[in-house]
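Q: Following is a predicted model, sequence given first.
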There are 2 protein chains.
Amino acid sequence: MITSLTVLESAATACCSPITGGALSAEEASELAARFKAIGDPTRLRLLSLVAAHEGGEACVCDLNEPLDLSQPTVSHHLKILVDAGLLTRTKRGTWSYYALVPGALPMLAETLQV
Amino acid sequence: MITSLTVLESAATACCSPITGGALSAEEASELAARFKAIGDPTRLRLLSLVAAHEGGEACVCDLNEPLDLSQPTVSHHLKILVDAGLLTRTKRGTWSYYALVPGALPMLAETLQV
């Protein structure tokens, strides 16, 4: 039996004012810092770039551990952090989980860095 | 005697390809992650925004601890991380150190997040 699950297309949620647009509140700084912390790791940056470069903009977890030469549990751990930060979507189809960029999430982070 | 030190206007050094422009190499990912890690902290984001919002785009360390309700050594510790990451310049004049954004550094980071 083939189970078909709908792809969850979560759009990026609005977050934060530009860093240089006036002093950030503690709450804004906290929310924004969590997202930058999620990408403040070489493995997670490489995962984002691998997912984005993958055919159709979606990659199976089973395709990601080999290019990074890491175990699947380690890769899954980093992918979870990126999903929790609102940067990747995760869709389970059959045995495997598939990951894609949340539309608009990286450009929205970029906006906060514009001077 | 007044010692006058020249302001060091370090321009942002070129760094990294866009995350979504093809799989990042380990070296690029490592360099870029270090910069995102530097801003992946609420105190450091607030320091950047306070410096940017300060008159003349430059702030004395002595003006930064009060708005954050943190000790000066703690603030200095976070400022050093931002200087080391190439995001702030530090200029010593008399007793105090003054901090300013490195021109182009935040927009250059923003570029790497554009899809």
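A: That came in fine, so what should we check first?

Q: okay, CA-based contacts and neighbour counts for the rest of this
A: OK.

Q: Show me which positions of the host helix or strand of residue A:27 end up buried.
A: Using DSSP states H and E, residue A:27 maps to helix A:26-39. For helix A:26-39, the buried set under the neighbour-count rule, 16 or more other Cα atoms under 10 Å in any protein chain shown, comprises A:28, A:29, A:30, A:31, A:32, A:33, A:34, A:35, A:36, A:37, A:38, A:39.

Q: And for stretch A:76-89?
A: A:76, A:78, A:79, A:81, A:82, A:83, A:85, A:86, A:87, A:88, A:89.

Q: With secondary structure, distance to residue B:111 and pLDDT as added columns, please give those residues in a markdown table.
A: A markdown table is the format used below for the buried residues of stretch A:76-89 (DSSP: H, G, I helix; E, B strand; the rest coil; distance: Cα to Cα, whole Å; pLDDT from 0 to 100):
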| residue | secondary structure | distance to residue B:111 | pLDDT |
| --- | --- | --- | --- |
| A:76 | helix | 27 | 96 |
| A:78 | helix | 23 | 98 |
| A:79 | helix | 23 | 98 |
| A:81 | helix | 23 | 98 |
| A:82 | helix | 20 | 98 |
| A:83 | helix | 22 | 97 |
| A:85 | coil | 20 | 95 |
| A:86 | coil | 19 | 95 |
| A:87 | coil | 17 | 96 |
| A:88 | strand | 19 | 97 |
| A:89 | strand | 22 | 97 |
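
Q: Specify which member of those residues is nearest to residue B:97.
A: residue A:85 (35.2 Å; Cα to Cα).

Q: For chain B, see how far away the closest one is.
A: 12 Å (Cα to the nearest Cα, to the nearest Å).

Q: repeat for residue A:28
A: Applying Cα to the nearest Cα to residue A:28 and chain B gives a distance of 8 Å.
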